[in-house]
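1. The following comprises the amino acid sequence and a computationally predicted model.
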Protein chains: 2
Amino acid sequence: MNVIDSTPLPLIGAETQLRADAVRNRARLLEAAARLAAEHGAAAITMESVAAEAGVGKGTVSRRFGDRNGLLQALLDHSERQFQEAFISGPPPLGPGADPRARLRAFGPALLRHERTHLGLYLAAEPVAERRFSVPAQRVRHTHVAALLHAALPDADAELLAHTLLSSVDVVLVDHLIRNHGMSLERIEAGWHELVGLMVERA
Amino acid sequence: MNVIDSTPLPLIGAETQLRADAVRNRARLLEAAARLAAEHGAAAITMESVAAEAGVGKGTVSRRFGDRNGLLQALLDHSERQFQEAFISGPPPLGPGADPRARLRAFGPALLRHERTHLGLYLAAEPVAERRFSVPAQRVRHTHVAALLHAALPDADAELLAHTLLSSVDVVLVDHLIRNHGMSLERIEAGWHELVGLMVERA
């Protein structure tokens, strides 16, 4: 076994530079993919089309994301992280600073608008039934809504009510209502406010 | 083209007898399949095992249901129809005769118990995302709950609230909560009553 036993001093500047480049390149590829998805739908995202859009070779995209599935997953993570930042640390009333009731009211419309913007991506990434409630993104959303509900309604079963609130704006349900039943997004947002109102106005 | 142009008189007695036999045979096979599912889970249902359980040849099961998928679908229809009969024409408070609020309260626990009894079957038959809200069984449930909500709350958006109520006891969610979070069925039933209470007590 060949072990290099000299321990080099960490070259902090160089390493940071390398990482910053990698992060920038990754972000550039994800932005290219997001543009394609926004303009032509998630189906338009291929390793080739993202490489062309970003002006790099296909090999660069493959080295970064492995395959198309890895690319879509990274794009979804990127998109979900933006939404998470908005509700965890963004400006009120969605972010901290507003009272829990106001934050709950703001959450539904923000979620609906975010998922409509990235609709093709979220529908393409819809997990199989067994994983629907355990994928990390869903768990972060649930933890957040349950915490707000618990703060607003200490005696309620916040864990269950949070599932109910999130299910009411499930991306597959909303797409079904809009596409197959001609419902407007405004009506679905009003439904969110009605439901939150029923929950928090009783306190 | 060879057309038989003599029109025979309908042999009502014989035809009825034939149909009655076919219906009885079909029911016998479905009951055999339901016994297997209850005792050993949905995975134990194969064309062979159902034939053996019913004491017939495999060809009889194939002629009736085509393949395993057809058999599972027929079994699910059979099970769902029993539940439909209970809430559409069964005794109150689930069936007609009780007021809409009482029928709504009774619906959740009845659905939860029905789906727990046939859990393997319902999980095996969980539709893909695009069809989750449009399969006939789901539409019948939704129409029923929306009608009760509309009767109890004429000013509410009954169509949306009905989706919310049904999503709160979705079979995949309930299984996730029981299996992965150790929740009791009693707590989930209490959650149903809390949610219905929030909706109908405001009126």
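-> Arrived safely, thanks for sending. Residues are numbered from 1 along each chain as shown, chains lettered A, B, ... in the order given.

2. Pull up the distance across stretch A:123-141, start to finish.
-> Taking Cα to Cα, to the nearest Å, the first and last residues of stretch A:123-141 lie 17 Å apart.

3. what about the residue in chain A positioned nearest to chain B, distance to residue A:85?
-> Going by Cβ to the nearest Cβ, chain B is nearest to residue A:167 of chain A, at 3.4 Å. To be clear about C-beta, it is placed using only N, CA and C from the backbone, and glycine gets the same treatment. In this view, residue A:167 and residue A:85 are 24 Å apart by Cβ to Cβ, to the nearest Å.

4. Same drill for these two, tell me which one is more crowded.
-> The residue with more neighbours, out of residue A:167 and residue A:85, is residue A:167; 20 against 11, by other Cβ atoms under 10 Å in any protein chain shown.

5. Isn't that one up against residue B:164?
-> Yes: contact criterion Cβ atoms under 8 Å: residue A:167 and residue B:164 qualify, at 6.8 Å.

6. tell me the domain boundaries of chain A?
-> According to automatic domain parsing, chain A comprises the domains A:12-66, A:73-201.

7. Deepest-packed of these, please.
-> Most buried of these, by mean neighbour count (mean count of other Cβ atoms under 10 Å in any protein chain shown): domain A:73-201, with a mean of 17.

8. follow-up on the earlier one: kindly reformat the domains of chain A as CSV and extend each row with mean pLDDT.
-> Shown next, in CSV, are these (pLDDT from 0 to 100):
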stretch, mean pLDDT
domain A:12-66, 87
domain A:73-201, 94
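
9. so can I have CSV of those domains showing distance to residue B:48?
-> Formatted as CSV, the domains of chain A follow (distance: least, Cβ to Cβ, whole Å):
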stretch, distance to residue B:48
domain A:12-66, 41
domain A:73-201, 27
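
10. helices or strands up against the helix ranked longest in chain A?
-> Criterion DSSP state H: the longest helix present in chain A is helix A:12-40. Counting contacts by 3 or more Cβ pairs under 8 Å, 6 or more residues apart in numbering or on different chains; DSSP states H and E, helix A:12-40 is packed against helix A:47-54, helix A:58-65, helix A:68-89.

11. Get me the contact residues on chain A for chain B.
-> A:123, A:126, A:129-130, A:132-134, A:156-157, A:159-161, A:163-164, A:167-168, A:170, A:172-173, A:176-177, A:180-181, A:187-188, A:190-191, A:194-195, A:198-199, A:201-202 (Cβ under 8 Å from any Cβ of the partner chain).

12. could you redo the last one with a cut-off of 7 Å?
-> A:126, A:129, A:132-134, A:156-157, A:160, A:163-164, A:167-168, A:170, A:172-173, A:176, A:180, A:191, A:194-195, A:198-199, A:202 (Cβ under 7 Å from any Cβ of the partner chain).

13. Just the ones of the residues you listed in helices?
-> Counting by DSSP H, the residues of chain A next to chain B place A:160, A:163-164, A:167-168, A:172-173, A:176, A:180, A:191, A:194-195, A:198-199 in helices.

14. Now the phi/psi pair for residue A:96, please.
-> When read as degrees, to the nearest 10, the backbone of residue A:96 gives phi -60, psi 150.

15. partners of it in the sheet?
-> For residue A:96, the beta-bridge partners are residue A:98 (DSSP bridges).

16. mind checking how far it is from residue A:150?
-> As defined by Cβ to Cβ, residue A:96 lies at a distance of 15 Å from residue A:150.

17. Equivalent analysis for residue A:131, please.
-> Between residue A:131 and residue A:150 the distance is 25 Å, computed by Cβ to Cβ.

18. centroid residue for chain A?
-> Against the mean C-alpha coordinate of chain A, by Cα atoms, centre = their mean, the closest residue is residue A:80 at 1.5 Å.

19. In contact with that residue, which residues?
-> When contacts are counted by Cβ atoms under 7 Å, 6 or more residues apart in numbering or on different chains, residue A:80 touches residue A:137.

20. Ok, residue A:86 next?
-> Residues near residue A:86 by Cβ under 7 Å, 6+ apart: A:94-95, A:110.

21. so which of those comes closest to residue B:20?
-> Checking these against residue B:20 with Cβ to Cβ, the nearest one is residue A:110 at 59.4 Å.

22. correct me, but residue A:53 touches residue A:38?
-> No: counting by Cβ atoms under 7 Å, residue A:53 stays clear of residue A:38, with 11.5 Å between them.

23. What distance do you get for the spatially closest residue to residue A:119 that is not a sequence neighbour to residue A:122?
-> Among residues not flanking residue A:119 along the chain, residue A:175 sits closest, at 6.9 Å (Cβ to Cβ, 6 or more residues apart in numbering or on different chains). Distance, residue A:175 to residue A:122, by Cβ to Cβ: 9 Å.

24. got it, and residue A:45?
-> Distance of residue A:45 to residue A:122, given as Cβ to Cβ: 13 Å.

25. Endpoints of stretch A:160-176, how far apart?
-> Using Cα to Cα, the end-to-end distance of stretch A:160-176 comes out at 23 Å.

26. And the contacts of it?
-> A:108, A:111-112, A:115, A:119, A:122-123, A:126, A:141-142, A:145-146, A:149, A:188, A:191-192, A:195, A:199, B:129, B:132-134, B:163-164, B:167-168, B:170, B:173, B:191, B:195.

27. Could you do stretch A:62-76 as well?
-> For stretch A:62-76, contacts defined as Cβ under 7 Å, 6+ apart pick out A:26, A:29-30, A:33-34, A:45-47, A:50, A:61, A:121, A:124-125.

28. C-alpha coordinates for stretch A:179-196, CSV please?
-> Backbone C-alpha positions of stretch A:179-196 (Å, rounded to 0.1, in the frame of the first residue of the first chain) are rendered in CSV as follows:
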residue,chain,number,x,y,z
ARG,A,179,-55.4,21.6,-15.7
ASN,A,180,-58.5,19.3,-15.4
HIS,A,181,-61.0,21.5,-13.5
GLY,A,182,-60.1,24.9,-14.8
MET,A,183,-59.6,26.3,-11.3
SER,A,184,-57.6,29.6,-11.0
LEU,A,185,-54.5,29.9,-8.9
GLU,A,186,-56.3,32.8,-7.1
ARG,A,187,-59.1,30.4,-6.0
ILE,A,188,-56.5,27.9,-4.7
GLU,A,189,-54.8,30.7,-2.8
ALA,A,190,-58.1,31.8,-1.3
GLY,A,191,-58.7,28.1,-0.3
TRP,A,192,-55.3,28.3,1.6
HIS,A,193,-56.4,31.4,3.4
GLU,A,194,-59.8,29.9,4.3
LEU,A,195,-58.1,26.8,5.7
VAL,A,196,-55.5,28.7,7.7
